[in-house]
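**Q** just to be clear, the model below is a prediction. Sequence and coordinates:
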Amino acid sequence: MTAHDDVVPQLAIVRDSIRRAEQDFGRPAGSVALVAVSKTMPAERIRPALEAGHRIFGENRVQEAQSKWPALREAFPDLELHLIGPLQTNKVKEAVALFDVIQTLDRPSLAGALRKEIERQGRSPRLLVQVNTGAEPQKAGIDPREVPAFLRECREVHGLAPEGLMCIPPIDAPPSAHFALLARLARSEGLPVLSMGMSADYEAAIQLGATHVRVGSAIFGART
């Protein structure tokens, strides 16, 4: 079986499932964007999804994305690339140049570095704030109680305008409570974008207001 033989049907299944969830939960048709998570996948496995018309993809690591996406963007210039993994300040230059959306803004030092690089390059990726909804010490993200203050700092100190929130619930906890918390935070701050939900739970995320779901293994198969 070739990459095209399995990636394209699996992509279609996920797309159909998203459309059904929109209908079932009273969401407007087309209100949920699918971020196809292509981390660890080689370019030849990603290309069939692009050829099938999909354009929104997510990567975890700047260096890995640099190795495959510039050439793919030459062939498909209308693609939209999201950084969904942690961003180190020493990779901000490369991230601003490569990504259209950075979903993992999670600390003041990163906000400052992003502002400087955005001014230097004249390129402005859209930004989401990552929220550590489970208050897990090993996981990146802003404590939910600190989100309002961090957003004010982003806007007033660094001149950034985050448009939404992102979360990764604890692996051993039911995700819906975390999705509901993120949705409440976004509403209270007037933010329109909610990135939440992955292969195992994206339908629950759609029910609770996700505008973007991040689906990898259900499309591309198990990662190595």
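**A** Nice, thanks for sending it over. Numbers count the residues shown, from 1 in each chain.
**Q** from here on, contacts and neighbour counts on C-alpha atoms
**A** OK.
**Q** for the chain, which segments are assigned as helices?
**A** 3-24, 43-51, 62-75, 92-98, 108-121, 147-156, 176-189, 202-207, 217-220 (DSSP state H).
**Q** quick one: contacts of the longest one?
**A** Here helix 3-24 makes contact (CA atoms under 8 Å, 6 or more residues apart in numbering) with 27-32, 34, 44-45, 48-49, 52, 203, 206-207, 218-220.
**Q** could you give me the ChimeraX syntax to select whichever of these are buried?
**A** The following ChimeraX line selects those of the contacts of helix 3-24 that are buried, judged by 16 or more other CA atoms under 10 Å:
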select :27,32,34,45,48,49,203,206,207,218,219,220
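**Q** just the terminal-to-terminal distance for stretch 32-47.
**A** Chord length of stretch 32-47, first to last residue, is 22 Å (CA to CA, to the nearest Å).
**Q** residue ranges with poor pLDDT in this protein?
**A** Residues of the chain meeting the criterion pLDDT under 70: 1-4, 224.
**Q** please redo it, this time with the cut-off set to 90
**A** 1-5, 222-224 (pLDDT under 90).
**Q** could you give the number of residues near residue 80?
**A** If you count neighbours by other CA atoms under 10 Å, residue 80 ends up with 17.
**Q** for it, name its beta-bridge partners.
**A** For residue 80, the beta-bridge partners under DSSP bridges are residue 56.
**Q** deepest in the core, which of the helices of the chain is it.
**A** helix 202-207 (a mean of 22; mean count of other CA atoms under 10 Å).
**Q** among the helices of the chain, which comes closest to residue 136?
**A** When these are compared by CA to CA, helix 176-189 sits nearest residue 136, at 12.4 Å.
**Q** how far is stretch 100-120 from where the chain is centred?
**A** For stretch 100-120, the distance between its averaged C-alpha position and the chain's averaged C-alpha position is 15 Å (CA atoms, centre = their mean, to the nearest Å).
**Q** residues in contact with it: which ones?
**A** The set of residues that contact stretch 100-120 without belonging to it, under CA under 8 Å, 6+ apart, is 80-89, 92-93, 95-96, 124-131, 140-142, 150, 153-154, 158-160, 165-166, 195.
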